[in-house]
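> Fold the following and give me the result.
(2 chains)
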There are 2 protein chains.
Amino acid sequence: MSLEKKILILAKKAKKAAQAMAMVSADEKNKALRLMAKSILAHKKFLIRENQKDLKAARLKGYPRALVDRLTLNEKRIKAMADCLLDTTRLKDPVGEVLVSFKRPNGLLIKKVRTPIGVVGIIYESRPNVTSDCIGLCLKSGNVSILKGGKEAFYSNKAIFDVLQKSIAKTKIPKDAIHLIPSTDRKSVNVLLKLDEYVDVIIPRGGESLIKFVAQNSCIPVIKHYKGVCHTYVSLHANLNMAYRICYNAKVQRPGVCNAMETMLVDERIAKRFLPKMISLLKEAGVEIRGCAKTKKIIKKGIKKVSASDWPEEYLDLILAVKVVKNLKEAIEHINIYGSKHSDAIVTRNKKEAQEFLKAVDSSCLYVNASTRFTDGYEFGFGAEVGISTDKLHARGPMALPELTTYKYLVLGKGQIRK
Amino acid sequence: MSLEKKILILAKKAKKAAQAMAMVSADEKNKALRLMAKSILAHKKFLIRENQKDLKAARLKGYPRALVDRLTLNEKRIKAMADCLLDTTRLKDPVGEVLVSFKRPNGLLIKKVRTPIGVVGIIYESRPNVTSDCIGLCLKSGNVSILKGGKEAFYSNKAIFDVLQKSIAKTKIPKDAIHLIPSTDRKSVNVLLKLDEYVDVIIPRGGESLIKFVAQNSCIPVIKHYKGVCHTYVSLHANLNMAYRICYNAKVQRPGVCNAMETMLVDERIAKRFLPKMISLLKEAGVEIRGCAKTKKIIKKGIKKVSASDWPEEYLDLILAVKVVKNLKEAIEHINIYGSKHSDAIVTRNKKEAQEFLKAVDSSCLYVNASTRFTDGYEFGFGAEVGISTDKLHARGPMALPELTTYKYLVLGKGQIRK
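Got it, this is the predicted structure:
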């Protein structure tokens, strides 16, 4: 059977299962999640063995160490996968939640109620835990999932999926509620992206090129989880001790993630006081500084010159671009031009200025006097997350269970007709 | 200058104006809307004169009467346009609304706040009033609008737009807050649909082929306002007198709109009692009946045979497909296969059955014992609407001011860093 045909059949099954999936009770879903967690732990040897096949291939192909690390499954990571499934049982089932309820003058009672989106396609790269995390979140929110992982993790994903599928078979969850596209061929992504009749939304998780490819080739609505080019603006009115702590945390605590700071903006009226200590702290932590001309005037040694291509770049590393700006206005302009609408912060004691920053910056999460590192489903109290949406439609910022739902209006009448 | 270049410049201006537009106060927006309404009325002779140019061309080209009717501006319609703008002043400004506010254990205060989407592109067909209606709704929700109307209405749209633009110039609204693509070339739509860097969302309003074209060619997220293939299911447990009234209303009261019923489903255990009177009432109103084999067994004369191509069809006319179904399950299956996820109703006195219908049917608005004709922003109490979304993401069902917004998270700290 051709790849196209295989994926079409799989998508049709998914669509068919979506209706039954929408009706499954929270108890039944939690039962399945617990079984899945248990089964992941029970099969850890199998999972590690299958993962070895991927790791061996990765080494033969000479993949970069960071990729091999992301790909690796060990006892600790398998436990984390099981824990994520158990955490998901503790999240409130969003399905059926009444968002608004109101009565019209003609007596019609209208309820706006959360429902699953239907069929969710998730396209991701090399981290195998995404397989179980996303299957768990989609299941709890009443959605059918279709997963397509990276070819590097083929054996690992298949093993995790098989274990989860066997657990589901022991419950009342429809057997077609979870799918993994069994192919290493990237063409399978193209095929999936055209099946708008069967798939309701596509969520790509991974690097910039994957997300661009998906966004440009999909007939299905895409919720993009794009890069994080996060800024911190240290205002003239900043508490400098607070600014040192916040900027240091935002850059150094975990530089490889999307909510880490990539550019620090500093008001020129405070730069001379602020920059020397800040930059020396960052350099002690191993951060490479790329400064603008004004920064280089203040810090004459040991920093590189920033270039225009730095501003929109997500380093995901111990590198920081630094720009001295004239004022709040220039900071806002810079962020709105070069930022990725993810997370941006201002450090200031001036409330009016903070308000203007919050209004004018067009990003999903805006911080006053706190580190951008808090943009995260757990830190926001949402529980597990699918990711951080940098889109403006449907879901923005940390995307958790409620964002995996849509709604419908239920209109209850007593024979009302329109006049 | 090439068309591409012209539209690119226009889109860049729109994007630039979006930030200023997001900060305009409700008072200033209402002032502009009142001026716009006044100006529309003051220029009615000009508008009618320009509209005559379109009407003359339409007659020369032999356009169908229905299209010529939709295209026509007269005093009454111009008054309705002004009234819509005035109605919009009375709608609550959604921008800045705090949707949720919560404090985290670490003291961070997180607020989820409504913000404008940014730049909204609206692609529509021959009705000139869409120009002012949509400009008004986008303006009130703090968005910048880019409109592209049908070539048939070129002079009318241009005239309305010019009048509105002059009104805006008298206010503090950024002058680039509203745009009309000044071209009759359909190629301009293709150009617009690729400008995802500047346009945040596309809303197509019009016939099926326009919407399909937009959905398939857009790099920008699209909120589809697709056809309405609405059903009413008359259950075994229906109050028949109520069913007569509801079905009659849903089909006859205004057949040319998307929330009118196109297919009536009848439980086979009640069909013999229900159909004769129902069909005779509909036929008296001039409705052409297209019945399934079982329907034709009961109503032997004066009805046509339905064909497979009828089920997914939006007649927008006094035509009704009728199907006798075995039970609720078959009704639900039929609707989920052939419906357009718009509005569907059940007539029943059985609460359990009603609940199952509400849960299992995958449409934006579901009715129990009421006419589908109520799916409408005004009838839901939302005020004016952009249309009825048949999509599942971002906005579903009647799409009014709140659906023209997105949100952002504001995180207020006192120096919190992540551990």
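> can we go C-alpha only for contacts and neighbour counts from here?
Will do.
> Count the neighbours of the residue in chain A that chain B sits nearest to for me.
Relative to chain B, the nearest point of chain A is residue A:394 (3.7 Å; C-alpha to the nearest C-alpha). For residue A:394, the neighbour count with other C-alpha atoms under 10 Å in any protein chain shown is 21.
> Contacts for stretch A:299-307 next, please.
Contacts to stretch A:299-307, defined as C-alpha atoms under 8 Å, 6 or more residues apart in numbering or on different chains, come from residues A:275, A:276, A:288, A:289, A:290, A:291, A:292, A:293, A:296, A:321, A:322.
> so which two of the residues you listed are the farthest from each other?
A:288 and A:293 (16.0 Å; C-alpha to C-alpha).
> isn't residue A:414 right next to residue B:370, touching?
Yes. Taking contacts as C-alpha atoms under 8 Å, residue A:414 lies within contact range of residue B:370: 6.6 Å.
> neighbour-wise, which of those two wins?
The neighbour comparison of residue A:414 against residue B:370 (other C-alpha under 10 Å) goes to residue B:370, with 29 against 15.
> Phi, psi for that one please.
phi -160, psi 160 (degrees, to the nearest 10).
> May I have the residues that are in contact with it?
Taking C-alpha under 8 Å, 6+ apart as the test, what residue B:370 contacts is A:411, A:412, A:413, A:414, A:415, A:416, A:417, B:246, B:345, B:346, B:347.
> Quick check, pLDDT for it.
pLDDT for residue B:370: 98.
> measure it to residue B:217 for me?
38 Å (C-alpha to C-alpha, to the nearest Å).
> try residue A:157
33 Å.
> out of those two, which sits in the more crowded spot?
Shown here are residue A:157 and residue B:217; by other C-alpha under 10 Å, residue A:157 has more neighbours (30 against 18).
> Sticking with that one, tell me its helix or strand.
helix A:154-168 (DSSP states H and E).
> picking that back up, looking at neighbours, which among the contacts of stretch A:299-307 is most surrounded?
So for the contacts of stretch A:299-307 (other C-alpha under 10 Å), the most neighbours sit at residue A:322, 27 neighbours.
> Could I get the contacting residues of that residue?
A:263, A:264, A:265, A:266, A:289, A:290, A:291, A:292, A:295, A:306.
> moving C-terminal of the helix or strand containing it, what's the next helix or strand?
Remark: residue A:322 resides in strand A:319-325, with elements defined by DSSP H and E. Under the assignment DSSP H and E, the closest C-terminal helix or strand after strand A:319-325 is helix A:328-338.
> Now for the contacts of residue A:322: which two are most distant?
The widest separation within the contacts of residue A:322 (C-alpha to C-alpha) is 14.7 Å, between A:266 and A:306.
> okay, now the domains of chain A?
Domain ranges of chain A: A:3-225+A:394-412, A:230-379, per automatic domain parsing.
> which of the residues in the longest helix seen in chain A are buried?
Across chain A, the longest stretch assigned as helix under DSSP state H is helix A:3-22. For helix A:3-22, the buried set under the neighbour-count rule, 16 or more other C-alpha atoms under 10 Å in any protein chain shown, comprises A:7-8, A:10-22.
> Follow the chain on from that helix and name the next helix or strand.
Downstream of helix A:3-22 (by DSSP H and E), the next one is helix A:26-42.
> Which residues in that following helix does the neighbour count mark as buried?
Under 16+ other C-alpha under 10 Å, the buried positions of helix A:26-42 are A:26, A:29-41.
> what comes up buried for the next helix or strand after it?
Per DSSP H and E, the first helix or strand lying C-terminal to helix A:26-42 is helix A:44-60. The neighbour-count check on helix A:44-60 (16+ other C-alpha under 10 Å) flags A:44, A:46, A:47, A:48, A:49, A:50, A:51, A:52, A:54, A:55, A:58 as buried.
> Stretch A:213-224 now?
A:214, A:215, A:217, A:218, A:219, A:220, A:221, A:222, A:223, A:224.
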